[in-house]
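Enquirer: Model the structure of this input:
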Amino acid sequence: MVRFRNLLGHFYLEIDNEIIYNILQNDIKDFNSFREAILAKL
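Expert: Modelled structure (predicted):
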C-alpha cells in the first residue's frame, strides 16, 4: 500500500486503471485492516 500511495502522490498522471483494479482485487485486506484500526481508535 505504501507503493500505491507513492504512485498516487508522485505519478498521478501515469495511473493506469488496470493497476488500480488489481490493487483493489488483490490488496483489499489492507484497506479493511486500515478501516478496522481507525474504528478501534474511535
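Enquirer: tell me what the helix or strand of the chain with the lowest mean pLDDT is packed against?
Expert: Within the chain, confidence by mean pLDDT, DSSP states H and E is lowest for helix 2-10 among all helices and strands, at a mean of 72. Using 3 or more C-beta pairs under 8 Å, 6 or more residues apart in numbering; DSSP states H and E, no helix or strand is in contact with helix 2-10. Yep, even glycine has a C-beta here, placed from its N, CA and C like the rest.
Enquirer: Please identify the buried residues of the next helix or strand after that helix?
Expert: Later in the chain than helix 2-10, the nearest helix or strand by DSSP states H and E is helix 17-26. By 16 or more other C-beta atoms under 10 Å, the buried positions in helix 17-26 come out as I23.
Enquirer: Show me what helix 17-26 is packed up against.
Expert: Under the contact rule (3+ C-beta pairs under 8 Å, 6+ apart), helix 17-26 is packed against no helix or strand.
Enquirer: Flag the shaky bits of this protein, pLDDT-wise.
Expert: Applying pLDDT under 70 to the chain flags residues 1, 11-13.
Enquirer: and the longest helix seen in the chain with helix 2-10, angle?
Expert: Ordering each helix of the chain by length in residues (DSSP state H) puts helix 28-41 first. Angle, helix 28-41 to helix 2-10, by axes from the mean of the first three to the mean of the last three C-alpha atoms, to 10 degrees: 90 degrees.
Enquirer: next one: helix 28-41 to chain centre, how far?
Expert: 12 Å (C-alpha atoms, centre = their mean, to the nearest Å).
Enquirer: How about stretch 26-37?
Expert: Chain-centre distance of stretch 26-37: 9 Å, with C-alpha atoms, centre = their mean.
Enquirer: CA-only coordinates of it, as CSV, when you get a sec.
Expert: Only the C-alpha atoms of stretch 26-37 are listed here, as CSV (Å, rounded to 0.1, in the frame of the first residue of the first chain):
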residue,chain,number,x,y,z
ASN,A,26,-5.7,-8.3,-4.5
ASP,A,27,-4.9,-6.0,-1.6
ILE,A,28,-8.4,-5.1,-0.3
LYS,A,29,-7.4,-6.7,3.0
ASP,A,30,-5.1,-3.8,3.6
PHE,A,31,-8.0,-1.3,3.2
ASN,A,32,-10.0,-3.4,5.6
SER,A,33,-7.2,-3.6,8.2
PHE,A,34,-6.8,0.2,8.0
ARG,A,35,-10.6,0.7,8.4
GLU,A,36,-10.6,-1.6,11.5
ALA,A,37,-7.6,0.3,13.0
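Enquirer: Fine by me, we can end here.
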